[in-house]
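Asker: Could you look at this predicted model? Sequence included:
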Amino acid sequence: MNIHNIPLANLALGFIPAMVVIAILFLWSMQAGRALYGMLRMLVQLLLIGHLLTFIFEADNAWIVLTVLLVMVLASSWIALGSTQARRRHLFTSSLLAIGIAGGATLALVSAGVLRLEPWHEARFLIPLAGMIFANAMNGISVTVERLGAELEHGADWLDARGAALGAGMIPMVNSLFAVGLVSLPGMMTGQILSGVSPLIAVRYQIMVMCMIFGAGGLAAMLFLVLSRRVFEAPLARS
């Protein structure tokens, strides 16, 4: 099978399962509107990013790449705190530093040490890798902060709440380690195989990806817990 363009009519068929889910959510009086908004936002964002990436890849400019990475870090840092609206502004700096340090260090190691990109700002590699790294760091913080707030509200002391929060944040990452190769063939590996790359080579790339997203997600959650303690213990944050 060769990778080829998907006609829009064929692509529309892919929306059928999603729309069935949204219809059931509506019938069950659940958050159908939010799910539909999410689908529409996904569609618009991906169409826009497709055109944007085409421009970025053709420009081959380091400053453009750095700007994109900065936007990704800022956006992921804010989105990660969506479950804690009352503390969101107070925790943004902690989230930004956690994702920036953990994600940035991981990205630098992978791009310069593992792949040895030349030039270092090669957008076709750097931006997709950064997306995976920052997204997993964001998800790790998102689960962690939600569980941390719940534990503190139920009267747990900081150390117990921190342990429970980190454990919850790590569950999806650990599960993905167990499932890869048995339950799922992740996106990068699947894409490479579909494009004709040897499965043995695709596996090496996927091992790199699994290590980087586990490391970035775990380190970001840990750093966030260290940096955010003062905010969570402040009377204003608990009110």
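Answerer: The structure has been received and is ready for your questions.
Asker: to the chain's geometric centre, what's the distance from stretch 82-101?
Answerer: From the chain centre to the centre of stretch 82-101 is a distance of 15 Å (Cα atoms, centre = their mean, to the nearest Å).
Asker: go on, stretch 56-65?
Answerer: Mean-position distance between stretch 56-65 and its chain equals 22 Å (Cα atoms, centre = their mean).
Asker: Mind listing what's buried along that stretch?
Answerer: 56, 65 (16 or more other Cβ atoms under 10 Å). From N, CA and C alone the C-beta is placed, and that goes for glycine too.
Asker: Look up phi and psi at Leu117.
Answerer: phi -60, psi 140 (degrees, to the nearest 10).
Asker: Tell me which helix or strand the residue most central in space within the chain sits in.
Answerer: What sits nearest the mean C-alpha location of the chain, by Cα atoms, centre = their mean, is Ala135, with 1.4 Å. Assigning secondary structure by DSSP states H and E places Ala135 in helix 123-153.
Asker: just checking, what packs against that helix?
Answerer: Under the contact criterion of 3 or more Cβ pairs under 8 Å, 6 or more residues apart in numbering; DSSP states H and E, the helices and strands touching helix 123-153 comprise helix 32-59, helix 62-79, helix 88-108, helix 158-179, helix 199-233.
Asker: remind me which residues of this structure are low pLDDT?
Answerer: 1-4, 184-186, 235-239 (pLDDT under 70).
Asker: Let me see the domain layout of it.
Answerer: Domains of the chain are assigned by automatic domain parsing as 1-59, 61-238.
Asker: Need the winner for burial among these.
Answerer: domain 61-238 (a mean of 18; mean count of other Cβ atoms under 10 Å).
Asker: on that earlier part again, any idea which of the helices and strands packed on helix 123-153 gets closest to Asn5?
Answerer: helix 32-59 (12.2 Å; Cβ to Cβ).
Asker: With adjacent residues omitted, what lies nearest to Gln192?
Answerer: Ala202 (4.0 Å; Cβ to Cβ, 6 or more residues apart in numbering).
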